[in-house]
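**Q** pasting a predicted model and its sequence here:
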Amino acid sequence: MVLLSVSLAGCAPVYRDTGMAMRADAGFVAADYVGRWYEVARFPVVFQRGCTATTADYALRPDGTLSVMNRCRMGAPDGPERSISGRARVVAPGRLEVRLGWIPVGAPYWVLWVADDGSVAVVGVPSGRAGWVLARSPEVGAARWAEARAVLEANGYDLSRLQLTPH
C-alpha cells in the first residue's frame, strides 16, 4: 500500500502463515478501485514507520494501468506530508504489481477482498510481510471491520499484530 518504496523481502517480520494459501479477489475490477482509499489499519512495515493519516489515490490510465499516489503524515495527522507515486498493473484477477518511485522492480499487491458496496478493501502480500485494511473514509463500521478481519485471518494473518492508523 502506502510508501511501498522498498522491497518487502529481507529480514522484515512475517505477519501471516505463508503455508496457508492466500486468495486474491477473483472479482476485482480495477476501475472500481479508482479514487481515494484511507488506510484504516496495517501490519507494521519499516517504510511506513511514523506514518499517520495515510491515503492512497488510484486513477485509471489510458493504457489500462493504475496511477498510484500514496501519502502519509509524519508523526501526527497534521505532521509533514510524505508521498510517493507510481503505477500498478493487474497481472491476474485481484493481483497487482506495483512500482513506486525510483524502485526498478515491482512488488506484489493482492486485493484479497472488496466489500460488495466498495467501501472497504483488504490487501496483502504473499510473503506475509505486509497487509492493509483500506476504506473510502477514515472510519469503518463494526460489521465491515469484522469482515475485513475475517478476510485477513482466512489468509493466515496474525490479527494480534494489526495496528490501527490514526487520522
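**A** Looks like it arrived, so ask away.
**Q** roughly how far apart are His167 and Asp78?
**A** Per CB to CB, to the nearest Å, His167 is found 11 Å from Asp78. Placement of C-beta: from N, CA and C, glycine included.
**Q** of those two, who's got more company?
**A** His167 (15 against 9; other CB atoms under 10 Å).
**Q** what sits against the more buried one?
**A** 38, 52-53, 77, 138-139 (CB atoms under 8 Å, 6 or more residues apart in numbering).
**Q** show me where the protein has helices.
**A** Shown for the chain, the helices assigned by DSSP state H span residues 142-154.
**Q** can you map out the strands along it?
**A** 35-42, 51-60, 66-74, 81-92, 95-100, 107-114, 120-124, 131-135, 163-164 (DSSP state E).
**Q** about what we covered before: got any residues that touch both of His167 and Asp78?
**A** Counting by CB under 8 Å, 6+ apart, nothing touches both His167 and Asp78.
**Q** state the mean pLDDT of stretch 91-108.
**A** In this model, stretch 91-108 has an average pLDDT of 91.
**Q** what's the offset of that stretch from the middle of its chain?
**A** 12 Å (CA atoms, centre = their mean, to the nearest Å).
**Q** make 525 the first number, not 1, from now on.
**A** Renumbered: residue one is now 525, and that last one reads stretch 615-632.
**Q** can you list the buried residues in it?
**A** Across stretch 615-632, burial judged by 16 or more other CB atoms under 10 Å covers 618-624, 630-632.
**Q** leaving out the residues flanking it, which one is nearest to Asn679?
**A** Met546 (4.9 Å; CB to CB, 6 or more residues apart in numbering).
**Q** now, the most widely separated pair of the contacts of His691?
**A** Thr576 and Glu663 (14.4 Å; CB to CB).
**Q** out of those two, which sits in the more crowded spot?
**A** Thr576 (17 against 10).
**Q** how about the residue lying closest to that one once chain neighbours are set aside, what does it touch?
**A** Closest residue to Thr576 apart from its sequence neighbours, by CB to CB, 6+ apart: Pro690 at 4.6 Å. Residues near Pro690 by CB under 8 Å, 6+ apart: 576-577, 600-601.
**Q** for those, pick the one with the most neighbours.
**A** Ala577 (19 neighbours).
**Q** would you confirm that it contacts Met598?
**A** No: using CB atoms under 8 Å, Ala577 is not in contact with Met598; the gap is 9.5 Å.
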